[in-house]
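Visitor: missing the sequence, but the structure's below:
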């Protein structure tokens, strides 16, 4: 069995991102550098890129399922436990006669 440097580098980048050892952006830069130096092929750069994309998608999926549900629109009222919330258009009774 012989040592295959390009497979070692490719798998190392993928595993390093998956294990949180390096950020995905840095792995992309490393893959580009390895490609320029002919240490890995374009197909292996694509393999690294696809693995990073899948990793990011897997990270976003659990986070979005646990996130609180936001209102449908930015101006939509939000339920509040405070019973004395005043609206910006309400005028206090004491100043209503002065208008």
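Guide: Yep, that arrived. Predicted model, so just to flag it, every value in this text is computed and none were measured.

Visitor: who touches the helix ranked longest in the chain?
Guide: In the chain, ranked by residue count with DSSP state H as the criterion, the top helix is helix 42-66. With contact meaning CB atoms under 8 Å, 6 or more residues apart in numbering, helix 42-66 is reached by 6-7, 9-10, 13-14, 17-18, 24, 27-28, 31-32, 34-35. In this view, the C-beta of every residue, glycine as well, is placed from N, C-alpha and C.

Visitor: which of the helices and strands in this structure ranks last by mean pLDDT?
Guide: helix 93-96 (a mean of 51; mean pLDDT, DSSP states H and E).

Visitor: buried sites along the longest helix of the chain?
Guide: By neighbour count with 16 or more other CB atoms under 10 Å, helix 42-66 contains the buried residues 44-45, 47-49, 51-52, 55.

Visitor: reformat these as CSV; add distance to residue 1 and pLDDT.
Guide: Converted to CSV, the buried residues of helix 42-66 look like this (distance: CB to CB, whole Å; pLDDT from 0 to 100):
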residue, distance to residue 1, pLDDT
44, 20, 97
45, 25, 97
47, 21, 97
48, 23, 97
49, 28, 96
51, 24, 96
52, 28, 95
55, 29, 92
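
Visitor: quick one: low-confidence parts of the protein?
Guide: Residue ranges of the chain with pLDDT under 70: 63, 65-99.

Visitor: residues near residue 32, how many?
Guide: 14 (other CB atoms under 10 Å).
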